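Enquirer: Got a predicted structure here, sequence first:
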There are 2 protein chains.
Amino acid sequence: MTSSLASLESALEYSFQDIALLEQAVTHRSHSARHNERLEFLGDSVLNFTVAALLFKRFARIDEGDLSRLRAALVKQASLADIAQKLSLSQYLRLGEGELKSGGFRRPSILADALEAVFGAVFLDSGFDAAHRVIARLYAPILVHIDPKTLGKDPKTLLQELLQGRRIDLPVYTVVATHGAAHNQTFEVECAIAKLDIKVTAGGTSRRAAEQSAATLAIAAVEALGPGKGTRRGRPRKSAQLSLPVAVSQESGT
Amino acid sequence: MTSSLASLESALEYSFQDIALLEQAVTHRSHSARHNERLEFLGDSVLNFTVAALLFKRFARIDEGDLSRLRAALVKQASLADIAQKLSLSQYLRLGEGELKSGGFRRPSILADALEAVFGAVFLDSGFDAAHRVIARLYAPILVHIDPKTLGKDPKTLLQELLQGRRIDLPVYTVVATHGAAHNQTFEVECAIAKLDIKVTAGGTSRRAAEQSAATLAIAAVEALGPGKGTRRGRPRKSAQLSLPVAVSQESGT
């Protein structure tokens, strides 16, 4: 099942002096006592610091609140799991039988934790500069493309800023239906932007989740009108009616 | 008002190549545009990482949950403000007039933020090893004395563990009185340990805060009985009755 760690070293462009550290980093606690959780603690903090330093250097003029938002987006579980997939990290994971059977090698939390543990292992093996190099190289293609104005903002915030930029009144969110019993409810929320004749509806397992999904649809609807078109006057437009199925909305989370 | 930065450099045992970085680190946003908030972002993360690495090395056998708890206790605002005071950091702060008049140079949040900014400044000035050295030296006397079993645990948890160690039933917390109107209530909570004849009462602005204060008193009462005495049988003991005034209980926070 597990591939040779030598190919993981190639992917990381880093050769361990003590390969046992890398082996421990890819070992889940379900597999054996010498597992990766302490390394993950160390790796999480070297990652946070390195990404902070990279952002500080790259964006010389944005304030600390924006730096925090960007960092949170770059080090969140989904972002780490993406990087882990590019490294094919799941091929190297050492999992207990239960986790193996239930597909643990595909689980984002396990992949993200193992990747952090790998960073911790590099730091222990050769110090901060080596860990910084490995992390910086993996994040380089991501840093090139990030938009500091939008990354890490939720859809409702993005929609609000988009409309403010065009001097349009804030959208109105309305719960149009609820389904299911008290502890297992889904919500359908409409997001309406009167001036643009936009009304979109989306569902979610919480009111907030449904609002975020509706905001995502509304952004798409606004952008489909073209840049800044919303600010022109006296031009009737076809009403945009979109809707997302309830099931999809769960992905947008809270 | 502000002392020469040369003496702060002496206290830090670090000489800046670019003294403007240190000047910025001690400049609050109320003072001028070139303030310390971005440096604080950077310093917070180099501090978190360095303390993580120090703890990882010092405590080779404790798990990541305990490492996290210890780190949180070491980098919290109050801990940083203590270190800032030892460095006499308040003497070097550059504050706006409003903050000066309202005693901002004594405020723990301002001191803690400035200290983090100083760590960020050292990192920018000379890199990670220098920042690590400065932080490790300041934390060395603290690390020597920490008890990994108790640091960062709240009083209720500590009391529970103390009693479990002596095989005594868990304490019982009871709200014995509330005072004031709905949005400005104080609570009086009794903590009773039947087997030890201990009943103590403390107040707080929330039920939880009052329970924590009562637990603090109960720990003192248990410890006053001497080591392990609670486990002996058939020996009647004088009932310990202590109480804390409501005002004091607010310090124990949430």
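Expert: Looks like it arrived, so ask away.
Enquirer: Test for you: state the pLDDT assigned to residue A:238.
Expert: We have a pLDDT of 46 for residue A:238.
Enquirer: Same check on residue A:168?
Expert: pLDDT, residue A:168: 92.
Enquirer: Helix, strand, or coil at it?
Expert: Of the three states, residue A:168 takes coil according to DSSP: H, G, I helix; E, B strand; the rest coil.
Enquirer: what's the neighbour count on the nearest residue to it once chain neighbours are set aside?
Expert: Take residue A:168 and drop its neighbours on the chain: the residue closest to it by Cβ to Cβ, 6 or more residues apart in numbering or on different chains is residue A:195, 5.1 Å away. Heads up, the C-betas are built off the backbone N, CA and C, glycines and all. By other Cβ atoms under 10 Å in any protein chain shown, 14 other residues sit near residue A:195.
Enquirer: Also the one 5 residues further on?
Expert: For residue A:200, the neighbour count with other Cβ under 10 Å is 25.
Enquirer: how about it, secondary structure?
Expert: strand.
Enquirer: what's the helix or strand for residue A:139?
Expert: helix A:128-145 (DSSP states H and E).
Enquirer: So which residues on the stretch 101-250 of chain A come close to chain B?
Expert: A:123, A:128, A:129, A:132 (Cβ under 8 Å from any Cβ of the partner chain).
Enquirer: residues in contact with the first one?
Expert: In this case it means residue A:123. Counting by Cβ atoms under 8 Å, 6 or more residues apart in numbering or on different chains, residue A:123 touches A:42, A:43, A:46, A:130, A:131, B:53.
Enquirer: Over to the second one?
Expert: Taking Cβ under 8 Å, 6+ apart as the contact definition, residue A:128 lies against A:46, B:128, B:129, B:132.
Enquirer: Can you select the buried ones among these for me in PyMOL?
Expert: Here is the PyMOL command that picks out the buried ones among the contacts of residue A:128, judged by 16 or more other Cβ atoms under 10 Å in any protein chain shown:
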select buried, (chain A and resi 46) or (chain B and resi 128+132)
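Enquirer: Quick one: the contacts of residue A:128 as a markdown table, columns for distance to residue B:65 too.
Expert: Listed next are the contacts of residue A:128 as a markdown table, based on distance: Cβ to Cβ, whole Å:
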| residue | distance to residue B:65 |
| --- | --- |
| A:46 | 19 |
| B:128 | 26 |
| B:129 | 29 |
| B:132 | 24 |
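Enquirer: now, among the contacts of residue A:128, which is nearest to residue A:224?
Expert: Proximity of the contacts of residue A:128 to residue A:224 (Cβ to Cβ) peaks at residue A:46, which lies at 42.9 Å.
Enquirer: any idea how far the closest one lies from chain B?
Expert: Distance from residue A:46 to chain B, counting by Cβ to the nearest Cβ, to the nearest Å: 6 Å.
Enquirer: One more: residue A:130?
Expert: Distance, residue A:130 to chain B, using Cβ to the nearest Cβ: 11 Å.
Enquirer: what's that residue in contact with, if anything?
Expert: Taking Cβ under 8 Å, 6+ apart as the criterion, residue A:130 is in contact with A:14, A:122, A:123.
Enquirer: From the contacts of residue A:128, pick the one nearest residue B:210.
Expert: Nearest to residue B:210 among the contacts of residue A:128: residue A:46, at 40.6 Å, using Cβ to Cβ.
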